[in-house]
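From the sequence below, what's the structure:
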Amino acid sequence: MAWEPGRREGGARARRALMSTTRRAGHGAAGEMATTKTEHAVVIDGGLLCVVSCWPRHQIVVLSPRDDEEGYPHATYHVDGTRQFRSRLGTGSSRGPGGKYDEVRGLPRLDAPMPGPVNVFALTVLSGDAAKSYSRARYSSIVEIPRAAFDRGQVIVSVDIVTLDAAAPEQPYCERFLEADLAGTCPAVRVTVWSPRPNSMT
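The predicted structure follows:
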């Protein structure tokens, strides 16, 4: 299909409504605090792309499984506003060749009102990056990415803390394809899938 200017951005609200999600009984909408940890899966074609684990007003962890046991990029946002990125399993500087570690302090606290949206993690993925299988029963909600999202080869999946009626932080050279608020998260957490802009692929 030929590129239609504004097609993806303009359809964001519709895609948000049409996304296939499931929710366990007993979990409220995003922003309504659950009393325990909730886990949410981002999937494509029955394969797991990443898991978002949320402890109310305490911690958010995003894990992106890989077949390589050492290749498990993940991020943790702590209650005190410290965000840590690790490109591989392990602690400190991470294990394995090429492992990377980054830490940012001074971000908004999770146990206080959020002044605005904050990015937790953003990861570039290919459709083939999905793990082989997952158990739907384990997760509070499922965000399913349609294969059409990969018509430009790759997407960025961002996990963001959001405030009422605020958009997730923009990703450079991308346009929003779809978004979903995660049930039972407090502060509210949103998954957004971004496509590369056509002129950024040349």
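
lowest-confidence helix or strand of the protein?
The helix or strand of the chain with the poorest confidence is helix 12-18; it has a mean of 38 (mean pLDDT, DSSP states H and E).

now the strands for the chain?
38-44, 47-55, 59-63, 74-78, 83-86, 101-104, 118-125, 141-144, 155-161, 174-181, 189-196 (DSSP state E).

And the spatially most central residue of the chain, how close does it get to residue 198?
Geometric centre of the chain, nearest residue: residue 159, 3.2 Å, by C-alpha atoms, centre = their mean. To residue 198, residue 159 is 25 Å away according to C-beta to C-beta, to the nearest Å. Placement of C-beta: from N, CA and C, glycine included.

now do residue 187
Per C-beta to C-beta, residue 187 is found 34 Å from residue 198.

swap in residue 161?
Here the criterion is C-beta to C-beta. By it, residue 161 lies 30 Å from residue 198.

Which one's more surrounded, those two?
Neighbour tally, residue 161 and residue 198, criterion other C-beta atoms under 10 Å: the higher count belongs to residue 161, 25 against 11.

For that one, list each beta-bridge partner.
On the basis of DSSP bridges, residue 161 is bridged to residue 118, residue 189.

Surely it touches residue 189?
Yes. Counting by C-beta atoms under 8 Å, residue 189 is a contact partner of residue 161 at 5.9 Å.

Can you work out which residues contact both of the two?
The contact sets of residue 161 and residue 189 overlap at 60, 120 (C-beta atoms under 8 Å, 6 or more residues apart in numbering).

who's in contact with residue 160?
Counted by C-beta under 8 Å, 6+ apart, residue 160 has contacts 117, 118, 119, 120, 168, 169, 189, 190, 192.

Check what pLDDT it gets.
With respect to pLDDT, residue 160 scores 98.

how far away is the nearest residue to residue 139 once chain neighbours are set aside from residue 64?
In this structure, residue 139 finds its nearest non-sequential neighbour in residue 41, 4.5 Å apart by C-beta to C-beta, 6 or more residues apart in numbering. Separation of residue 41 from residue 64 (C-beta to C-beta): 11 Å.

who touches both of those two?
50, 51.

quick one on the thing from earlier: export the contacts of residue 160 as JSON lines, with columns for pLDDT and neighbour count.
What follows is the contacts of residue 160, written out as JSON lines (pLDDT from 0 to 100; neighbours: other C-beta atoms under 10 Å):
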{"residue": "117", "pLDDT": "95", "neighbour count": "18"}
{"residue": "118", "pLDDT": "96", "neighbour count": "20"}
{"residue": "119", "pLDDT": "96", "neighbour count": "18"}
{"residue": "120", "pLDDT": "96", "neighbour count": "21"}
{"residue": "168", "pLDDT": "93", "neighbour count": "20"}
{"residue": "169", "pLDDT": "93", "neighbour count": "15"}
{"residue": "189", "pLDDT": "97", "neighbour count": "25"}
{"residue": "190", "pLDDT": "97", "neighbour count": "23"}
{"residue": "192", "pLDDT": "97", "neighbour count": "27"}
